[in-house]
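Participant: Structure for this input, please:
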Amino acid sequence: MLVHEKIAHLQQLKTAHTTEELDRLGWDRYAEIQEMLERQYHGDYVMIEVDSGAYFVGKTPKEALRLAEAAYPGRAFCLIRVGHKVVHKLKQR
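Facilitator: A predicted model of the protein is given here:
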């Protein structure tokens, strides 16, 4: 891989969002889909790609992350346990 290709790849792995922004954007998107998620997936995990609003549900955080990274490799995600007030931010470097 050439140097400019490596730089382009590394830039794709970064996000312009701070941890606080990831938190806010993730919870904002969760609020939009909360009723449906809690009805169908209570206790599961939802991984939200905050720029697109796309979300991925898994029984475990690892499963939700696998699904999210398959669709949006190298992006930043917000992880929320459906029906709980717990949030995790994942920001790849």
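
Participant: now the helices for this structure?
Facilitator: 3-13, 19-41, 61-71 (DSSP state H).

Participant: His84: which of the ones you listed is closest?
Facilitator: Closest of those to His84 is helix 19-41, at 9.8 Å (criterion: CB to CB). The C-beta positions use only the backbone N, C-alpha and C, and glycine is treated the same way.

Participant: nearest to Ile48, of the helices of the chain?
Facilitator: Per CB to CB, nearest to Ile48 of those: helix 19-41, 4.8 Å.

Participant: follow-up on the earlier one: return the member of the helices of the chain having the minimum mean pLDDT.
Facilitator: Note on the helices of the chain: helix 3-13 shows the lowest mean pLDDT, a mean of 57.

Participant: Quick check: Leu37 touching Ile48?
Facilitator: No: counting by CB atoms under 8 Å, Ile48 is not a contact partner of Leu37; they are 10.3 Å apart.

Participant: if you count what's nearby, which of those two comes out ahead?
Facilitator: More crowded of Leu37 and Ile48, by other CB atoms under 10 Å: Ile48, with 26 against 18.

Participant: So which residue is smack in the middle of the protein?
Facilitator: Nearest to the geometric centre of the chain sits Phe77, at 2.2 Å (CA atoms, centre = their mean).

Participant: Fine, thanks again, bye for now.
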